[in-house]
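Novice: I would like the atomic coordinates for the input below:
(4 chains)
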Number of protein chains: 2
Amino acid sequence: MNTKEKIIRTSIALFNLHGERAITTNHIASNLGISPGNLYYHFKNKEDIIRNIFTLYREHLSTHFKPLNTEFEPLEQLTKYLDSLFELMWRYHFFYDNLTDILARDEVLKKEYISFQADLFEQVRSVVIGLRTSKVIDISDEDAVEVAHMLKMTVSFWTPYVKARRLTGVLEQQDIYNGIVKVLMLFKPYCTDLSTQKIGLLQAHYQQLADESLPSIA
Amino acid sequence: MNTKEKIIRTSIALFNLHGERAITTNHIASNLGISPGNLYYHFKNKEDIIRNIFTLYREHLSTHFKPLNTEFEPLEQLTKYLDSLFELMWRYHFFYDNLTDILARDEVLKKEYISFQADLFEQVRSVVIGLRTSKVIDISDEDAVEVAHMLKMTVSFWTPYVKARRLTGVLEQQDIYNGIVKVLMLFKPYCTDLSTQKIGLLQAHYQQLADESLPSIA
DNA sequence: GTCTATACCTTGATAGAC
DNA sequence: GTCTATCAAGGTATAGAC
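Specialist: The predicted structure is shown next:
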């Protein structure tokens, strides 16, 4: 792994642990055992690092979040979405701890973020509509829009919500599973008779993961 | 109004407009036309100011968020809750823009916040259960807990969610009404046959407020 | 590519006069 | 209670040597 990648990796780890605000370029360099000057050789500034992390975040979503394919079992695809959401919420949770500030300080990033999130919203909405077509849920067009917003908000801000309720200790993988349960909660009331039980089982599955004391997952 | 109150007032306004991170004690003093030294005569530091604002936030909730009274119409009481939530989300929205950071920097505030939010959660949960008792909704005990969490998360993070989707301009009162609609969305799926229409009307009411171009409200 | 050294700036905070 | 003056600390960023 080259230095540039190492800086990104370490930055993500430190931001997630201590918060973006608390971590300076000096902290990142010192944690890596390199000089601040070297860090500035690879990145223009701290914003530049964050933009690069955002690109990874965007690539993660673009790779894993494709439209619902009618050839496959919709609930299986939903499970895949949830698993990749889990990864996303886990890897980049620092980003949502002070999203407003991060975007306020970087006009370019803000534009990218807004445009990406608009696309993402449309995709989430079309997945909700797709689940309706597959008779998994029964929902009006208007409610689909509302639910899509609630889904996006939940995925974004579940981790800060959890952190704010905890005096010590860091975010655990169980906390994320708990967030996935909340995501499923948003679907549950709209389930058709056909799918209620299946969604219930899916929710129980993630609830169990949330309650377990997990062995560390790489 | 004395200087101490003026500092609090101005701080809230500036924090809401530009974010807590961007506003320094110097900004606050200069905006008020007083010296930094004077500000530090009234407050130990920036954290001290934020703690005082938190106290106002807490008092607002403690005053307006009482248990459901069985003697009155439950939906009327719900409306009152929603109106005071509106006020809360509007006045103190800066607080949630980087809640994690604010709490991470102040151990004392974090303890107060956690303990207050734990009480608040119990109150929200008991209101949900109260709405069940009043036959407004039909919900299991387990789902009531989930919904209570979703309600709290939505009230807390709706404003940062909105801000992150907007390139220019500040938060408007309509945005908050939109958040109230989301709060009602969380109840809707659990409504009994008796209340579905009424909740629908309530939602339409707030949706209308959200869509209107409002004349300024003091 | 990487280091050392450093200069600039912002922020938080205090001392002492009035 | 309020001001002026000031500073220490910390963070950002660059220059120049290797």
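Novice: quick one: residue A:25 and residue A:39 touch, right?
Specialist: Yes. Between residue A:25 and residue A:39 there is a contact at 5.6 Å, judged by Cβ atoms under 8 Å. Where C-beta positions appear, they are placed from N, C-alpha and C, glycine not excepted.
Novice: Please say which of the two ends up with more neighbours.
Specialist: Taking other Cβ atoms under 10 Å in any protein chain shown, residue A:25 and residue A:39 do not tie; residue A:39 has more neighbours (23 against 16).
Novice: any idea how far that one is from residue B:77?
Specialist: In this view, residue A:39 and residue B:77 are 56 Å apart by Cβ to Cβ, to the nearest Å.
Novice: Please enumerate the helices of chain A.
Specialist: For chain A, helices defined by DSSP state H occupy the ranges A:3-18, A:25-32, A:36-42, A:46-64, A:74-91, A:94-97, A:99-104, A:107-133, A:141-163, A:173-187, A:196-211.
Novice: care to break chain A down by domain?
Specialist: A:1-43, A:46-211 (automatic domain parsing).
Novice: so of those, which one's packed in deepest?
Specialist: The highest mean neighbour count among the domains of chain A, using mean count of other Cβ atoms under 10 Å in any protein chain shown, belongs to domain A:46-211: a mean of 17.
Novice: That domain close to DNA strand C?
Specialist: No. Under the criterion of Cβ under 7 Å from any atom of the strand, DNA strand C is not reached by domain A:46-211; the shortest gap measures 10.8 Å.
Novice: Any residue of that domain touching chain B?
Specialist: Yes. On the criterion Cβ under 8 Å from any Cβ of the partner chain, domain A:46-211 is in touch with chain B at A:97-101, A:103-104, A:110-111, A:113-114, A:117-118, A:143, A:146-147, A:149-150, A:152-154, A:156-158, A:160-161, A:163-167, A:181-182, A:185-186, A:188-190.
Novice: For residue A:19, list the residues it contacts.
Specialist: Counting by Cβ atoms under 8 Å, 6 or more residues apart in numbering or on different chains, residue A:19 makes contact with A:94, A:97-98, B:100-101, B:104.
Novice: export these to CSV and tack on distance to DNA strand D?
Specialist: Compiled in CSV, the contacts of residue A:19 are given as follows (distance: Cβ to the nearest atom of the strand, whole Å):
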residue, distance to DNA strand D
A:94, 15
A:97, 16
A:98, 14
B:100, 17
B:101, 13
B:104, 13
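Novice: Make TSV from those residues and add pLDDT to it.
Specialist: Converted to TSV, the contacts of residue A:19 look like this (pLDDT from 0 to 100):
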residue	pLDDT
A:94	97
A:97	96
A:98	93
B:100	97
B:101	96
B:104	95
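Novice: could the residues you listed be laid out in CSV, adding distance to residue B:136?
Specialist: Below are those laid out as CSV (distance: Cβ to Cβ, whole Å):
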residue, distance to residue B:136
A:94, 40
A:97, 36
A:98, 37
B:100, 34
B:101, 38
B:104, 39
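Novice: which of these lies closest to DNA strand C?
Specialist: Nearest to DNA strand C, judged by Cβ to the nearest atom of the strand, of the contacts of residue A:19 is residue B:101 at 12.0 Å.
Novice: If we ignore the residues flanking it in sequence, what's nearest the closest one?
Specialist: Distance criterion Cβ to Cβ, 6 or more residues apart in numbering or on different chains; nearest residue to residue B:101, sequence neighbours excluded, is residue A:21 at 4.9 Å.
Novice: And for residue A:209?
Specialist: The shortest distance from residue A:209 to any non-neighbouring residue, by Cβ to Cβ, 6+ apart, is to residue A:177 (4.2 Å).
Novice: now residue A:58: how far from residue A:14?
Specialist: Counting by Cβ to Cβ, the gap between residue A:58 and residue A:14 amounts to 21 Å.
Novice: Then residue A:165?
Specialist: Relative to residue A:14, residue A:165 is positioned 23 Å away (Cβ to Cβ).
Novice: that older thread, you'd agree the residue nearest to residue A:209 is up against residue A:206?
Specialist: Yes. Assessed by Cβ under 8 Å, residue A:177 is found in contact with residue A:206 at 5.1 Å.
Novice: Got the confidence number for the closest residue to residue A:190 other than its chain neighbours?
Specialist: Excluding its sequence neighbours, the residue lying closest to residue A:190 (Cβ to Cβ, 6+ apart) is residue A:137, at 4.1 Å. Model confidence at residue A:137, expressed as pLDDT, equals 97.
Novice: Now do the same contact list for residue A:137.
Specialist: Counting by Cβ under 8 Å, 6+ apart, residue A:137 touches A:128, A:131, A:187, A:190-192, A:195.
Novice: Can you lay out these as TSV showing distance to residue A:68 and pLDDT?
Specialist: As requested, the contacts of residue A:137 are exported to TSV (distance: Cβ to Cβ, whole Å; pLDDT from 0 to 100):
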residue	distance to residue A:68	pLDDT
A:128	9	97
A:131	7	97
A:187	13	97
A:190	15	96
A:191	16	97
A:192	16	97
A:195	14	95
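Novice: just curious, which of these is nearest to residue A:62?
Specialist: Nearest to residue A:62 among the contacts of residue A:137 is residue A:128, at 19.1 Å by Cβ to Cβ.
Novice: Relative to chain B, how far out is the closest one?
Specialist: Residue A:128 is 13 Å from chain B, where distance means Cβ to the nearest Cβ, to the nearest Å.
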